[in-house]
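[1] What would the 3D arrangement of this be:
(one chain, ligands or ions: 1)
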Amino acid sequence: MGSYPDTLLRVAGGFAIALLVIVVLRRGHDSRVYPPGPPRRFLVGNLGDIPHGGYAWKSYLEISKRCGTCRSDSQGVSMMIANQAFAASDVVYLTAVGSKRLVLSSFEAARDLLDRKGAIYSSRPRLVVKNELRGWDWSLILMAYGKVFLAYRRTIQQEFAHPMVVTSYRPTIIRESISLIRRLFQTPGDMAQHLKQMAGAAIMMVTYGHQVNSVNDEFVALAEAVRKNDKEAPGSAIIDLIPICKYVPAWSPGGGFQRTALYARKLAWNMRYVPFQALKAKIASGTFPDSMVGRLLQSDSSLEGIDKDDFAMNCGGVVYSGALFSVLYGISHLTLAALLNFVLAMTLYPDVQQHAQKELDDVVGRDRLPTFEDRDRLPYVANIVKETFRWKAVSPLGVPHATTEDDTYRGMFIPKGTTVIANIYAMLHDENVYKNPTEFRPGRYEPSPEAPMGEPDPARVTFGFGRRTCPGRFFADESVWLTAALMLHTFDISNPTGAPSQVEWSSGLVSIPSDFPFKLSPRFFGAEDLVASFEQ
Ligand code: HEM
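    Predicted structure coming up:
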């Protein structure tokens, strides 16, 4: 916000006050009961409660705990009820300057609303800066619910459905994971770079049929340029709160954001146009690498009036860059974050690692590498992957949904146009569901007297909800599983310092751990040769 000149702020402030007066006047006639929320202040509502300055998932969880003692009165105005001990509220409602937010912090609430009432809980909030000024409305991730959204969603979902991943994408996942392990044997200290390259290369290959051979790849650089230029979280700018400001002309004081937006548009265009054109040129020259974008260019499916080239180009852009996630990192960074969390957990929990390695020795032995065919016979390794996705949420607040109709839930009114935030972090650390949630404990998924079916698979939460559930979840899960199994099989992962690791996770749409001490040592004689001689 500091980058916007004072004039714009003053204009924005004027509009805000006018809008607030209208909102307050209208509230006076409202007799509905809203979900609980912190007390609202005159004119500004919950503006001061809406988390700023990072780690919003923790702040929302605190609000939800406090709001066990909040009640909405019949005027829709929330207040704290002093000295009363209610359980935390898993549904919290905040309003500010005309915007409405509902924060869900239990799986049950997310399932009831986002899954079961998907028909009215599957849109995205209006994003003035990102979509309307910077032109990201082509991106499925940010698209409002409707016919065009459904056309894109159907395609991406089919392209990344489980059978498709198994039959078409596994060879790429295997090739990139093996090549990662080879690089780890050569320069283990560069692990983070190698993991990043692996995750990006796999996506790039299945999307455009393009082989990424180094982190300096030209297409990767285009996405990186977008990331560097586009750091604000979508929906966080003052213009998002007061959309009318978007009409401030570029030549007027405070209109500099228009020029920034134009530049951002150009970068985003290059990011999806350049790899797309490169693929088209390859196809024209007769060297047609199998890829999602290539298949779409050749398909005849109905596209709701969207130009076929635009459709294929936008699908490629969505999968590769992941519009929303590229604000901080590309989609591949979600996979990277999960893998870094896995390695960190192995340095912190050597018993877990040894247990998995014993399972690998028993099932796979030491004269070959684990493959997807071994997966069902390696339940402990599978549980390590589940626990990796639960222990540290890589996308702690997911992507906000928005309602397209008024609704009532547990007798509380939820208006049309409400932004709905699923606090994935809170759900994965819910003590009613996961015992000692901060501990990395893969055994929690095994049956026990307290949980006869084991604790629930975090995948029901990690990848979002309902009609917007992550379509890339099978691809991500298989990539993380194979990499984890190969690393556990070939390396001992340890903390060389012996001292506790001081790790911080970044705040933002993707939460990624900071550097931490680790050492990768070959686990048995011949491990490197197994990897070097591996053929698909
Ligand atoms: C560890 C890896 C990943 C995690 C944790 C993850 C998580 C998520 C989450 C939480 C959402 C929002 C869901 C919602 O709105 O409720 C999402 C959306 C999405 N993800 Fe993933 N994702 C991962 C990897 C991938 C990959 C590899 C792809 C590539 C195919 C992908 C493609 C998408 C797309 C296109 C959407 C938008 C769907 C829509 O708006 O309808 N994701 N992801």
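[2] Before we move on, what's the pLDDT of Val343?
    Looking at Val343, its pLDDT is 98.
[3] Now do the host helix or strand of Ser479, average pLDDT.
    Using DSSP states H and E, Ser479 sits in helix 473-490. Average pLDDT, helix 473-490: 96.
[4] same deal with stretch 62-80?
    62.
[5] Next: stretch 450-461.
    Rounded mean pLDDT across stretch 450-461 is 96.
[6] Could you tell me the end-to-end distance of that stretch?
    21 Å (CA to CA, to the nearest Å).
[7] Can you point out the buried residues in that stretch?
    Glu455, Pro456, Pro458, Ala459, Val461 (16 or more other CB atoms under 10 Å). C-betas here are computed from N, CA, C, even on glycine.
[8] Now name the helix or strand holding the nearest residue to Met198 once chain neighbours are set aside.
    What sits nearest to Met198 in space, not counting adjacent residues and going by CB to CB, 6 or more residues apart in numbering, is Leu180, at 4.1 Å. Using DSSP H and E, the element containing Leu180 is helix 170-186.
[9] What is the distance between the helix or strand just after that helix and the centre of its chain?
    Per DSSP H and E, the first helix or strand lying C-terminal to helix 170-186 is helix 191-208. Distance of helix 191-208 from its chain centroid, counting by CA atoms, centre = their mean, to the nearest Å, is 17 Å.
[10] What's the end-to-end length of stretch 382-399?
    26 Å.
[11] Next one: that stretch, is it in contact with the ligand?
    Yes - for stretch 382-399 and the ligand, the contact criterion (CB under 6 Å from any ligand atom) is met by Val394, Ser395, Gly398, Val399.
[12] check contacts around the second one.
    Meaning Ser395. Phe325, Leu334, Ile424, Thr462, Gly464, Leu509, Val510, Ser511 (CB atoms under 8 Å, 6 or more residues apart in numbering).
[13] And the pLDDT at the fifth one?
    Gly464 is assigned a predicted lDDT (pLDDT) of 96.
[14] Quick check: it touching Pro400?
    No - the pair Gly464 / Pro400 is not scored as a contact, 10.3 Å apart, by CB atoms under 8 Å.
[15] all strands for the stretch 251-400 of the chain, in order.
    With DSSP state E, counting those that start in this stretch as the definition, the stretch 251-400 of the chain shows no strands.
[16] Low-confidence ranges, it, go.
    For the stretch 251-400 of the chain, applying pLDDT under 70 flags the ranges 301-302, 322-332.
[17] What residues does it have near the ligand?
    Going by CB under 6 Å from any ligand atom, the residues of the stretch 251-400 of the chain near the ligand are Val318, Val319, Gly322, Ile331, Leu334, Thr335, Ala338, Val394, Ser395, Gly398, Val399.
[18] Filter these down to just the ones in helices.
    Under the assignment DSSP state H, these contribute Val318, Val319, Leu334, Thr335, Ala338 to helices.
[19] ok now the helix holding Leu180, how far from the chain's centre?
    24 Å.
[20] Quickly check: that helix near the ligand or not.
    No - remark: helix 170-186 sits outside contact range of the ligand, by CB under 6 Å from any ligand atom, the gap being at least 10.6 Å.
[21] for the stretch 51-200 of the chain, what are the low-confidence residue spans?
    69-87.
[22] mind redoing it with 90?
    Along the stretch 51-200 of the chain, the model assigns pLDDT under 90 to residues 51-54, 66-88, 96-99, 127-131, 134-138, 141-142, 167, 193, 196-200.
[23] quick check, the helix or strand that contains Lys65 touching the ligand?
    In the assignment (DSSP H and E), Lys65 maps to helix 56-66. No - using CB under 6 Å from any ligand atom, helix 56-66 stays clear of the ligand, with a minimum separation of 12.1 Å.
[24] Run a quick neighbour tally on the residue nearest to Met198.
    Residues lying near Leu180 (other CB atoms under 10 Å) number 23.
[25] Closest one of the residues of the stretch 251-400 of the chain next to the ligand to Ser448?
    Nearest to Ser448 among those is Ala338, at 25.5 Å by CB to CB.
[26] how near is Ser514 to the ligand?
    18 Å (CB to the nearest ligand atom, to the nearest Å).
[27] I'd assumed Ser506 was in contact with that residue.
    Yes - counting by CB under 8 Å, Ser514 does reach Ser506; the two are 7.5 Å apart.
[28] between the two, who's got more neighbours?
    Each of Ser514 and Ser506 has its neighbours counted (other CB under 10 Å); Ser506 has more, 15 against 12.
[29] What confidence value was assigned to that one?
    88.
[30] My guess is Leu184 contacts Gln197. True?
    No - applying CB under 8 Å as the test, Leu184 and Gln197 come out as separate, 11.2 Å apart.
[31] Return the set of buried residues in the helix holding Lys65.
    Ala56, Trp57, Ser59, Tyr60, Leu61, Ile63, Ser64, Arg66.
[32] now swap in stretch 504-511 and tell me
    Neighbour-count burial for stretch 504-511 flags Trp505, Ser507, Gly508, Leu509, Val510, Ser511 (criterion: 16+ other CB under 10 Å).
[33] what separates that stretch from the chain centre, distance-wise?
    11 Å.
[34] Also stretch 410-425?
    For stretch 410-425, the distance to the chain centre is 19 Å (CA atoms, centre = their mean).
[35] what about that stretch, start to end distance?
    23 Å.
[36] Number the chain from 27, please
    Okay, using 27 as the starting number, the last item reads as stretch 436-451.
[37] What mean pLDDT does it get?
    Stretch 436-451 comes out at a mean pLDDT of 96.
[38] sorry, back to before: Glu202: which of the ones in helices among the residues of the stretch 277-426 of the chain next to the ligand is nearest?
    Thr361 (10.7 Å).
[39] who touches the nearest residue to Asn367 once chain neighbours are set aside in this structure?
    In space, Asn367 comes closest to Lys418 once its chain neighbours are excluded; the distance is 4.6 Å by CB to CB, 6+ apart. For Lys418, the contacting residues are Ala363, Asn367, Trp531, Ser537, Pro539, by CB under 8 Å, 6+ apart.
[40] and Lys418, how far is that from Arg436?
    Per CB to CB, to the nearest Å, Lys418 is found 31 Å from Arg436.
[41] Same check on Asp518?
    Distance, Asp518 to Arg436, by CB to CB: 51 Å.
[42] more neighbours, the two?
    A side-by-side neighbour count of Asp518 and Arg436, using other CB under 10 Å, places Asp518 first with 17 against 9.
[43] Checking that one next. Helix, strand or coil?
    Under DSSP: H, G, I helix; E, B strand; the rest coil, Asp518 falls in the strand class.
[44] Got the phi and psi for the residue nearest to it when sequence neighbours are not counted?
    The shortest distance from Asp518 to any residue other than its chain neighbours is 4.7 Å, reached at Ser547 (CB to CB, 6+ apart). Reported as degrees, to the nearest 10, the phi and psi values for Ser547 are phi -120, psi 140.
[45] how deep is Ser547 tucked in, by neighbour count?
    What Ser547 shows, counting by other CB under 10 Å, is a neighbour count of 11.
[46] for it, what are its contacts?
    Phe517, Asp518, Ser520.
[47] wait, what's in contact with the second one?
    The one in question is Asp518. Taking CB under 8 Å, 6+ apart, one finds Gln379, Gln383, Leu546, Ser547, Pro548, Arg549 in contact with Asp518.
[48] Tell me the spacing between it and the ligand.
    Distance from Asp518 to the ligand, by CB to the nearest ligand atom: 25 Å.
[49] And that residue, how far from Thr373?
    For Asp518, the distance to Thr373 - CB to CB - is 10 Å.
[50] if I read this right, Thr361 contacts Ala225, doesn't it?
    Yes - counting by CB under 8 Å, Thr361 does reach Ala225; the two are 4.1 Å apart.
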